[in-house]
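Q: below is the sequence, then the predicted model.
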Amino acid sequence: MACPICKSEKVEENASNCPECESDLTTFALLDDVSKEKSNMKRATGFLVLLTLLTLGGWAFSYYNGMADSTATVEEAALPDNLAADEIDVLQNTLAAKEEEITKLNNKLAELHATIESSVNDLEEEDASGVHKLHIVKEGESLWSISELYHGHGFKHHHIAGHNELGNPNHIEVGDTLVIQN
């Protein structure tokens, strides 16, 4: 498996980090899982549609070829239509549930793509006071966890809040850009 960040070929199949650039590869593994789920959902949906079409085709064939008993009562003749309608309703409900699940997975996939894009865009810049990094806040992060990421512990979270002139250091938004000084 090649690292999508540095293109290194030295990455093992189920590795969580790249040995060359030490990039976190768990997001890419999640993307692969979502893609597999999506293809499974498409296959299941296709199977249900095919089954519905075959069932309806079989009933239409039976009806037009006169295979129905001509002495059947009205109630007996109505029974297959009711069964077909019930089966169609069940299949439509199943299809709607699968489509809803696909929509949720697509939303999750879009969120993961945005996370990857923001990770790729983390920058390092040199200024008069030394090296600093720009960090884009991701979902679930706090100043403490960001401080742990860059400083090895969370005790410098108040420095990050001070450098970024945060009104409320306990409240940061996903997508906010923070300056992290070394």
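A: Thanks, I have it. Bear in mind the structure is a predicted one, so any value in this text is a computation, not a measurement.
Q: which helix runs longest in the chain?
A: Longest helix of the chain, by residue count under DSSP state H: helix 74-120.
Q: for the protein, give me the ranges with low pLDDT.
A: 67-81, 118-130 (pLDDT under 70).
Q: quick one, helices of it?
A: Applying DSSP H to the chain gives helices spanning 26-64, 74-120, 143-151, 157-163.
Q: quick one: the second one to chain centroid distance?
A: In this case it means helix 74-120. Mean-position distance between helix 74-120 and its chain equals 17 Å (Cα atoms, centre = their mean, to the nearest Å).
Q: what's the angle between it and helix 26-64?
A: 160 degrees (axes from the mean of the first three to the mean of the last three Cα atoms, to 10 degrees).
Q: which strands and helices sit next to helix 74-120?
A: With contacts defined as 3 or more Cβ pairs under 8 Å, 6 or more residues apart in numbering; DSSP states H and E, helix 74-120 has these neighbours: helix 26-64. C-beta coordinates here come from the backbone N, C-alpha and C atoms, glycine included.
Q: now with 10 Å, please.
A: helix 26-64, strand 130-136 (3 or more Cβ pairs under 10 Å, 6 or more residues apart in numbering; DSSP states H and E).
Q: what of the first one?
A: Contacts defined by 3+ Cβ pairs under 10 Å, 6+ apart place helix 26-64 against helix 74-120.
Q: still on that earlier bit, which of the helices and strands packed on helix 74-120 is buried the deepest?
A: The highest average neighbour count among those, using mean count of other Cβ atoms under 10 Å, belongs to strand 130-136 at a mean of 15.
Q: now render the helices and strands packed on helix 74-120 as JSON lines, adding distance to residue 158.
A: Putting the helices and strands packed on helix 74-120 into JSON lines (distance: least, Cβ to Cβ, whole Å) gives the following:
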{"stretch": "helix 26-64", "distance to residue 158": "29"}
{"stretch": "strand 130-136", "distance to residue 158": "16"}
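Q: what's the closest of the ones you listed to residue 100?
A: Taking Cβ to Cβ, helix 26-64 is the member of those nearest to residue 100, at 10.2 Å.
Q: what about the closest one, distance to the chain center?
A: 19 Å.
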